[in-house]
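# Predicted structure and sequence below. I'll ask about it afterward.
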Amino acid sequence: MAAAAVACSEKKDDCNCNVDMKPPVAKKIPQEFTEHGNKRIDNYFWMRLSDDQKEAGSADQQTQDVLDYLNAENAYTEAMMKHTETFQKNLFEEMKGRIKEDDESVPYKLNGYYYITRYEKGKEYPIHTRKKESLDAKEEIILNVNELAEGHAYYSASFNVSPNSKMMSFSEDTVSRRQYTIRFKNLETGEILNESIPNTVGAVAWANDNKTIFYTKNDPVTLRAFQIYKHEIGKPVSEDKLIYEEKDDTFYTYVYGTKSERFIMIGSSSTMSSEVWFLDANQPDGEFKLIQKREKGLEYSVEDYEDKFYIVTNHNGATNFKLVSTPIAKPSKENWKDEIAHRIETRLEGIDIFKDFLVVEERTNGLNHLRIINKKENNEHYLKLDEEAYSIYSSTNLEYNTNILRYGYASLTTPNSTFDYNMATKERVLLKEQQVLGGKFDKNNYEAKRYFAKAQDGTMVPISLVYKKGIKLDGTNPTLLYGYGSYGASMDVYFSSVRLSLLDRGFVFAIAHIRGGEDMGRQWYEDGKLLKKKNTFTDFIDCAEFLIEKKYTSTKHLYAQGGSAGGLLMGAVVNMRPELWNGIVAQVPFVDVINTMLDETIPLTTGEFDEWGDPKEKEYYDYMLSYSPYDNVKAQNYPNMLVTTGYWDSQVQYWEPAKWVAKLRELKTDNNKLLMKCNMEVGHGGASGRFESLKEVALEYAFLFDLEGIKE
């Protein structure tokens, strides 16, 4: 490594480095791998540390070498961005200044209490409160996350209240590995009990005896959720009973209570299959019963209604899913009866059940809709919406016997809004619209558009755009194109007050709704995974070329951003078409596809085979190798790049971006910027807290603005 960079990292606070410092050069220790007769040399495999090494610190030479390299990269990035330091601080304050610090959520009611989450000025974390029966009642603070987070560089917490509202479980992660410890609080006395359950996913399901919970344990190495346990409050955790264990390492298991509070459900699922068991919540010591045994390709999810289960499923070729019902007494697929038939043009995404109404979340032509079915009067309607690109969703609806649907709405220009909608009278009430402080925001100053770009194979790919009104279509607008395209995750449009810092400085922001998500239905996902994965990358490139063709931007002003699997997208498109972009922001990028998918000890790997393929099979190995960003770095010019990662990331381990950056430095033939920022205190989700994460955004925006010559 460059001596200057290492020296700088050792005295980070006193760093007087300048932009003339040389970038770090990682040492090369060739390691040979052979699969299916193909030999690969990985010069940077040495960067991988075990969890034990990370937790022990610099106790051995390899760990010290890795820390030296990561610190050197951080020091180099700090030096190269030093001239933007004041700008970054100003951006941070600007973005923070739009956020209402003393804010609170819209109350929701559950079992006689109104629950409210509020924030206090200057505080990073929420305060969870409740009021009994009336919003005028005295506030009861049930969880002050600010107090719990004291002394932790990272803190994440969630909670779940017992049916009688007297006890609460809360789960906390202080490392950012998504490994939660469950704790308990007596809400009558305020006492936090001296018992805890480590190594869990955090979520619990309460039985109706108000003392029994069901929870999911993670494998401590792979972090796969694989066991369901039953715990009785007050008894030693060592006596917890194992209820279910998932033996197939491509499946994950989970537990939840139904909205009616009648049942505890255990589910187990892979990418392509699922299986659900149920138990009477009044009988926590009873035996779980199977609804339908797993079959390859059969997916289903379950809620209860009166004497039936309502099941969303792809049974019998329902690619876009359908809704069936079945008697609780005879729940297997032989008794499934169609309630909403399969439709080729519409994806059925979920349901919300009320006593007299069924709310169906659907997606048609890339846009989601809420369909209201009045079961009592046997009629239906859709919520009417005006904007051409938006996001709408069923929100917190925990009450069963009500006509009121709470839903959320946002668009690229409309702030996040919460409504109560009377499903009988069709009246709606706006409860809250996200406030954008600072006095400068007016939604009428911005314009949103929706286009379809023609892909290489003729497929029409949606693109959503937003920008400040008044731009000229002359190819000079700086444009940031965002994409993801994996796991069937649809990239619905959303409002961001933070994004205004881009738009107000002349940027166009665009979302490419590429294959690999489910933006256009389930087939959209099927056509962007496994042996069709490259459609994701070519779709993104075709969207970029569409924006250039429409004169929104040009290659001199085009930027791309993606995180995690979207970081894989970034790595692929810079290898395929490096000249198309002036800059890339790759956040926690999954770029070392072959090595990761061959190592089943790495968290998430075994559950990913249905997404990427199993490289132990030659067909999938060859295909992965043809696009894996790390394996396809070559001697060519690359755009300016900022790569971010977290040392404690359990989903995309830090060594993937670190190795990628080292190999890029070795082979790239240009003098463009290549910067890596490794946050040594966080994991996959970045910094915790409301405001700390804005510093990461400020760095990313400053990087983009610097490339455009925007200095304030």
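Nice, thanks for sending it over.

# With only the CA atoms kept, save the top strand by length along the chain in CSV.
For the chain, the longest strand by residue count, based on DSSP state E, is strand 192-206. Output of strand 192-206 as CSV, limited to C-alpha atoms (Å, rounded to 0.1, in the frame of the first residue of the first chain):
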residue,chain,number,x,y,z
ILE,A,192,-37.1,-4.2,31.9
LEU,A,193,-36.8,-7.9,32.8
ASN,A,194,-33.5,-9.6,33.4
GLU,A,195,-33.9,-12.1,30.6
SER,A,196,-32.8,-11.9,26.9
ILE,A,197,-32.7,-14.2,23.9
PRO,A,198,-29.7,-13.7,21.6
ASN,A,199,-29.2,-14.6,17.9
THR,A,200,-32.7,-14.0,16.6
VAL,A,201,-34.3,-12.3,13.6
GLY,A,202,-36.0,-10.0,16.1
ALA,A,203,-39.7,-10.6,15.3
VAL,A,204,-42.0,-12.4,17.7
ALA,A,205,-45.5,-13.8,17.8
TRP,A,206,-47.4,-13.5,21.1
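
# What are the contacting residues of it?
Contacts to strand 192-206, defined as Cβ atoms under 8 Å, 6 or more residues apart in numbering, come from residues 158, 160-163, 169, 171, 173, 178-186, 212-218, 220, 225, 229, 231, 233-234, 236-237, 240, 254-257, 264-265, 281. All C-beta atoms are positioned from the backbone trio N, CA, C, and that covers glycine.

# mean confidence for that strand?
Across strand 192-206, pLDDT averages out at 94.

# before we move on, the earlier item: from the contacts of strand 192-206, list the buried ones, please.
The neighbour-count test (16 or more other Cβ atoms under 10 Å) marks 158, 160-163, 169, 171, 173, 178-180, 182-185, 212-218, 225, 229, 231, 233, 240, 254-257, 264-265, 281 as buried among those.

# which stretches of the stretch 351-500 of the chain form strands?
Ranges of strands in the stretch 351-500 of the chain, per DSSP state E, counting those that start in this stretch, are 357-364, 367-374, 379-382, 390-394, 404-411, 417-422, 428-433, 446-454, 460-468, 479-482.

# Now the fourth one: buried residues?
Counting neighbours by 16+ other Cβ under 10 Å, one finds that the buried residues in strand 390-394 are 390-392, 394.

# That strand to strand 446-454, inter-axis angle?
Angle, strand 390-394 to strand 446-454, by axes from the mean of the first three to the mean of the last three Cα atoms, to 10 degrees: 90 degrees.

# Please apply the same query to the fifth one.
Interaxial angle of strand 404-411 relative to strand 446-454 (the same axes, to 10 degrees): 80 degrees.

# Strand 404-411: partners in the sheet, and parallel or antiparallel?
strand 390-394 (antiparallel), strand 417-422 (antiparallel) (DSSP bridges).

# pretty sure R224 is touching G607, no?
Yes - applying Cβ atoms under 8 Å, one finds R224 in contact with G607, separated by 6.7 Å.

# picking up where we left off before, may I see the strands of the stretch 351-500 of the chain arranged in JSON lines, with distance to I340 and mean pLDDT as well?
Listed next are these as JSON lines, based on distance: least, Cβ to Cβ, whole Å; pLDDT from 0 to 100:
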{"stretch": "strand 357-364", "distance to I340": "7", "mean pLDDT": "96"}
{"stretch": "strand 367-374", "distance to I340": "8", "mean pLDDT": "96"}
{"stretch": "strand 379-382", "distance to I340": "10", "mean pLDDT": "96"}
{"stretch": "strand 390-394", "distance to I340": "16", "mean pLDDT": "95"}
{"stretch": "strand 404-411", "distance to I340": "18", "mean pLDDT": "96"}
{"stretch": "strand 417-422", "distance to I340": "20", "mean pLDDT": "97"}
{"stretch": "strand 428-433", "distance to I340": "24", "mean pLDDT": "96"}
{"stretch": "strand 446-454", "distance to I340": "27", "mean pLDDT": "97"}
{"stretch": "strand 460-468", "distance to I340": "25", "mean pLDDT": "97"}
{"stretch": "strand 479-482", "distance to I340": "33", "mean pLDDT": "98"}
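
# Deepest in the core, which of those strands is it.
strand 479-482 (a mean of 23; mean count of other Cβ atoms under 10 Å).

# how many neighbours does I471 have?
Neighbour count for I471, taken as other Cβ atoms under 10 Å: 15.

# now swap in the one 4 residues further on and tell me
Other residues within reach of G475, judged by other Cβ under 10 Å, total 18.

# Equivalent analysis for K27, please.
Using other Cβ under 10 Å, K27 has 13 other residues around it.
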